[in-house]
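Participant: predicted model and sequence follow; I will ask about them next.
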Amino acid sequence: MNALPGRALSSDEAWETPPRALTIAGSDSAGGAGMHADIRAFLTCGVHGMTAVTAVTVQNSLGVKDFVEIPAETVAAQIEAVVGDIGVDAAKTGMLASAAIIDAVAKACHKVGIGQEGTAPFVVDPVAASMHGDPLLHADALNALRDLLFPMATLVTPNLDEVRLLTGVEVSTRAQLADAARAVHALGPQWTLIKSGHLTQDPECVDLLFDGTEFYELPGARYDTPHTHGGGDTMASAITAALARGAPVLEAVRFGKRFVQRAVAHSYPLGAGVGPVSTFWRISTTPV
Ligand SMILES: Nc1ncnc2c1ncn2[C@@H]1O[C@H](COP(=O)(O)OP(=O)(O)OP(=O)(O)O)[C@@H](O)[C@H]1O
Ligand SMILES: Cc1ncc(CO)c(N)n1
């Protein structure tokens, strides 16, 4: 499991620049989800992480109390500043908050070469709400997400609530995942990953990947834990890291699925509510 997809590690990585990945996402003051989870996944997948912060949330294990948005032009400026200087091998989105930010992100990504027509793979995780149901995206921003970002995406990674909001397709059984994948794929991404975490009556967590022609089932155990905060962000970031390392999409998604399975298996309680998935299992315990 420790093997990383894509670019191999050299025997001595000192002074060697790792692949570079960018997350365009909100911060989570509890440290479990959002850009905090993304940076942790990037680090533990051997990738240098960069951030374009979209919003600052006031959040703990019980839910999201509030958030403030970063001005759209500042979000775009962060993307242009880091990619113009440092470059980028893959990018992802998380919480985008508003239509104005989505519009700015689409234009900036287009300008710097992130997305379908560009050179860097682009993972769009269409975050709409926290797992407590607290909104992280204004309702009037769904159209912008669907119309501006989905056609630019190498891969989109909706959960079942996001599938319903974006396409109207309701999924209550594993057999309906293919209908969801077809409906999301029609919005323009190259690849679509439908996540099945919310199918709680299913004894397994089988996600479905679709490239417009072939379906790929991604099997996985369902762990009996309430502590899955940040699971979607961690998965999309592990996939983005693998893409930054040069892995093909199918290999990157299979890696992301194995990664999030381990992260859920090692999740831990924190605070009075929902604890986070873990990346500690990726950290060497060798003394320095
Ligand atoms: N209890 C669980 N046991 C094992 N895997 C799980 C569990 N819950 C979710 N997963 C897996 O975690 C990944 C994220 O899925 P999920 O549908 O929960 O996304 P999400 O709702 O975007 O996540 P988040 O909790 O970050 O909002 C998927 O691969 C899913 O199958
Ligand atoms: C900032 C942020 N992004 C994403 C999520 C969804 O996991 C969250 N709870 N908070």
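Facilitator: Yep, that arrived. Ligands and ions are numbered 1, 2, ... in the order given.
Participant: quick check on S196: phi, psi?
Facilitator: Note on S196: its backbone torsions stand at phi -110, psi 20 [degrees, to the nearest 10].
Participant: any idea how far it is from ligand 2?
Facilitator: 16 Å (C-beta to the nearest ligand atom, to the nearest Å). For every residue, glycine as well, the C-beta is placed using N, CA and C.
Participant: just M235 next, same as before
Facilitator: 11 Å.
Participant: can you tell me the element that residue falls in?
Facilitator: Element membership for M235, per DSSP states H and E: helix 231-244.
Participant: beyond that helix, next helix or strand please.
Facilitator: helix 249-265.
Participant: and that next one, anywhere near ligand 2?
Facilitator: No. Using C-beta under 6 Å from any ligand atom, helix 249-265 never reaches ligand 2; the gap is at least 12.1 Å.
Participant: who touches that helix?
Facilitator: For helix 249-265, the external contacting residues (C-beta atoms under 8 Å, 6 or more residues apart in numbering) are 1, 4-6, 41, 45, 121, 154-155, 190-191, 193, 205, 207, 209, 211, 216, 218, 220-221, 223, 225, 228, 231, 234-236, 238-240, 242-243, 247, 277-279, 281.
Participant: quick one on the thing from earlier: check whether the helix holding M235 comes near ligand 1.
Facilitator: Yes. With C-beta under 6 Å from any ligand atom as the criterion, ligand 1 is reached by helix 231-244 at 231-233, 235.
Participant: list just the nearest of those to ligand 1.
Facilitator: Closest to ligand 1 out of those is G232 (2.3 Å), distances taken as C-beta to the nearest ligand atom.
Participant: could you list every residue that touches the closest one?
Facilitator: The contact partners of G232, taken as C-beta under 8 Å, 6+ apart, are 125, 127, 157, 159, 195, 197.
Participant: in what helix or strand does the closest residue to ligand 1 within the stretch 1-150 of the chain lie?
Facilitator: Minimum separation of the stretch 1-150 of the chain from ligand 1 (C-beta to the nearest ligand atom) falls at M131, amounting to 4.3 Å. For M131, there is no helix or strand it lies in under DSSP H and E.
Participant: next up, phi/psi of it, please.
Facilitator: phi -70, psi -10.
Participant: quick check: it vs ligand 2, distance?
Facilitator: Note on M131: its distance to ligand 2, by C-beta to the nearest ligand atom, is 6 Å.
Participant: that residue and P121, how far apart?
Facilitator: In this structure, M131 and P121 are 26 Å apart, going by C-beta to C-beta, to the nearest Å.
Participant: so when I look at A3, I'm seeing a strand, right?
Facilitator: No. Applying DSSP: H, G, I helix; E, B strand; the rest coil, one finds A3 to be coil, outside a strand.
Participant: that one: how many residues sit nearby?
Facilitator: When neighbours are counted by other C-beta atoms under 10 Å, A3 registers 7.
Participant: from ligand 1, how far off is R245?
Facilitator: Relative to ligand 1, R245 is positioned 20 Å away (C-beta to the nearest ligand atom).
Participant: quick check, that residue in contact with G6.
Facilitator: Yes. Judged on C-beta atoms under 8 Å, R245 makes contact with G6 at a distance of 2.9 Å.
Participant: H198 touches E162, doesn't it?
Facilitator: No. H198 lies out of contact with E162 (C-beta under 8 Å); the separation is 9.7 Å.
Participant: looking at those two, which one has more neighbours?
Facilitator: Counted by other C-beta under 10 Å, H198 and E162 do not tie: E162 has more neighbours, with 25 against 16.
Participant: which element is that one on?
Facilitator: Taking DSSP H and E as the definition, one finds E162 inside helix 160-167.
Participant: next, the angle from that helix to helix 231-244.
Facilitator: On the basis of axes from the mean of the first three to the mean of the last three C-alpha atoms, to 10 degrees, helix 160-167 is oriented at 80 degrees to helix 231-244.
Participant: the more surrounded of M131 and P121?
Facilitator: A direct count of neighbours by other C-beta under 10 Å for M131 and P121 places P121 higher, at 29 against 21.
Participant: all helices of the chain, in order?
Facilitator: Remark: helices assigned in the chain by DSSP state H are 34-44, 72-85, 99-112, 142-144, 160-167, 177-185, 231-244, 249-265.
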